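Q: kindly generate the corresponding structure for this input.
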Amino acid sequence: MSQSAGKKLTGLIAATFTPFTSQGEVNLSEIGPYIDYLTEKQGVNKIFVNGTTGEGMSLSVAERKLLAEDWCRKAKGKMEQVILHVGCTSLKDSQELARHAVEIGVDGIAVIAPSFFKPRSAESLRAYLQEVAGVAPTVPFYYYHLPALTGINLPASDLLEGIETLIPSFRGVKFSGTDLMDFGQCVSRILPHWSVLYGVDEQLLAALALGASGAVGSTYNYLGSHMNKLVSEFESGNLVQARSLQFKMQELIRYAIKVGFDLGVNKQLMNEVSGLQLGPPRLPLMPCPQEHAVSIKQKYQHLFPIR
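A: As a prediction, this is how the structure comes out:
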């Protein structure tokens, strides 16, 4: 078990892209340079691996294990915390990945709700999460709330009721929804050692105002240094400066949506900005048209010029 596994999860956490070759195979050779880019260029030293941004649900169990091992090994001594998403549509697969996470010494695991056969109540979702957490009882456990993609609109705050008795390793929620009332209710119900991490990057400042412990997002891969500045401005009470940074990020996201913004485009934007070769997304996601990525990169450079 990692030394930092007991440390409360706070600050910015980059949801990492999975590097693929041009043929769509996992490309481990880019992970080391990727970690260096995040720590040295973006000031981000915590990662969330094999989540939505990492196309975790499009990967086989074997691929997810391979990636988890490589991220953990190469992050050692460079990253403060590695959180691994182990959620699957199959309970048995999730448990297999959770057991593997214990073996490789991750700092936490997260589980998204199954989205084909859906839990119909907070009780059934808690029971599912309990079965996964139970095979990795020493590892901090997080529920990953993503209603737009799972189609499960159960309030995350309902899930928290009594969860610490069912899952003693429970440490919080990765809340990737836009319902700020539900988010606020999660914050109001947390225990001191829990974290509520916000996952909608363009609303980060609102979440901080409601008491977010930190944030997990794809844009922190290439906007981490600027969003770290937003967090520090907020914590210093400089709301005008914090808003200015949030509005710039919103302008970039809004522009990207107008020209077409999905995970494939987001991944290619990361390639353009970082110089890494993370490859295309995996089908059914389509590769990004080059002109889209170049156009968004130009907007990025206009809004966030290198000083």
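
Q: where exactly do the helices run in the stretch 101-250 of the chain?
A: Ranges of helices within the stretch 101-250 of the chain are 122-133, 147-150, 156-159, 163-166, 180-189, 204-210, 220-235, 239-259, based on DSSP state H, counting those that start in this stretch.

Q: touching the first one from outside, list them.
A: Contacting residues not belonging to helix 122-133 are listed as 86-87, 91, 94-95, 98, 109, 111, 113-114, 119, 141, 143, 152, 154-155, 158-159, 161-163, 166-167, 169-170 [C-beta atoms under 8 Å, 6 or more residues apart in numbering]. Any C-beta I mention is one placed from the backbone N, CA and C, and that applies to glycine too.

Q: any idea of the mean pLDDT for that helix?
A: The pLDDT scores in helix 122-133 average 97.

Q: any idea how far it is from the middle of the chain?
A: 21 Å (C-alpha atoms, centre = their mean, to the nearest Å).

Q: that helix: which residues count as buried?
A: Of the residues in helix 122-133, those scored as buried under the neighbour-count criterion (16 or more other C-beta atoms under 10 Å) are A122, L125, R126, Y128, L129, E131, V132, A133.

Q: could I get the residues you listed as a markdown table with distance to K78?
A: Putting those into a markdown table (distance: C-beta to C-beta, whole Å) gives the following:
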| residue | distance to K78 |
| --- | --- |
| A122 | 38 |
| L125 | 35 |
| R126 | 35 |
| Y128 | 34 |
| L129 | 30 |
| E131 | 33 |
| V132 | 28 |
| A133 | 28 |
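
Q: which one among those residues gets closest to T16?
A: Within the set of the buried residues of helix 122-133, V132 lies nearest T16; the separation is 21.2 Å, counting by C-beta to C-beta.

Q: gap between that closest one and Q298?
A: Taking C-beta to C-beta, to the nearest Å as the criterion, V132 is separated from Q298 by 43 Å.

Q: can you list the weak-confidence ranges in the stretch 201-307 of the chain?
A: Applying pLDDT under 70 to the stretch 201-307 of the chain picks out residues 307.

Q: need the three-state assignment for the closest residue to P114 other than its chain neighbours.
A: Among residues not flanking P114 along the chain, T89 sits closest, at 5.0 Å (C-beta to C-beta, 6 or more residues apart in numbering). Using DSSP: H, G, I helix; E, B strand; the rest coil as the criterion, the local structure at T89 reads coil.
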